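Participant: Give me the fold of what follows.
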Amino acid sequence: MNKPLFGLALGGALGVLDGLTAWFTPDVRAQILGIVIGSTFKGMIAGVCIGWFAKKVNSLPLGILFGLAIGMFLAYLIAAMPQPTGKHYYFAIMLPGSLVGAITGYATQKYQKPAEARRSPL
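Facilitator: Presented below is the predicted three-dimensional model:
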């Protein structure tokens, strides 16, 4: 599996878990389904971006840093939108979003070999 596709799958799976963390914020429990769907989509976008970066740059520390930055940026875009009550949940949204990005960045670098290493010599 290539790195962007692996990032897409892993980002989507971790995005579901990210969305489920909203259960721990009682004010938004009624919106849990929309949050899980949005977090899954956000994780998939982050995963493709991280996978593309991992395909171009073969460095574990840079992959983790890029994943953290992409996850944090996308989570910030969501957290900046206020709830109907006018409240923002920066910490509750940005922490799991950043972790999804960092984990995806780590996994795409660590568990997917570069394309030239996967080819068998003929």
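Participant: so where's the protein shaky on pLDDT?
Facilitator: Applying pLDDT under 70 to the chain flags residues 114-122.
Participant: The same query, at a cut-off of 80, please.
Facilitator: Counting by pLDDT under 80, the chain contains low-confidence residues at 83-85, 112-122.
Participant: buried stuff in the lengthiest helix in it?
Facilitator: Taking residue count as the measure and DSSP state H as the definition, the longest helix of the chain comes out as helix 32-56. Taking 16 or more other Cβ atoms under 10 Å as the basis for neighbour counts, the residues of helix 32-56 that come out buried are 35-36, 38-40, 42-55. Every C-beta, even on glycine, is put in place using the N, C-alpha and C of the backbone.
Participant: Show me the contact partners of that helix.
Facilitator: Applying Cβ atoms under 8 Å, 6 or more residues apart in numbering, the set of residues contacting helix 32-56 from outside is 2-16, 18-20, 22-23, 28, 62-63, 66-67, 70-71, 74-75, 78, 97, 100-101, 104-105, 108-109, 112, 114-115.
Participant: which of the residues you listed are buried?
Facilitator: Buried subset of the contacts of helix 32-56 (neighbour count, 16+ other Cβ under 10 Å): 3-4, 6-15, 18-19, 22, 28, 63, 66-67, 70-71, 74-75, 78, 97, 100-101, 104-105, 108-109, 112.
Participant: just checking, what packs against the helix or strand hosting Leu17?
Facilitator: Using DSSP states H and E, the element containing Leu17 is helix 3-20. If contacts are counted by 3 or more Cβ pairs under 8 Å, 6 or more residues apart in numbering; DSSP states H and E, helix 3-20 sits against helix 32-56, helix 90-110.
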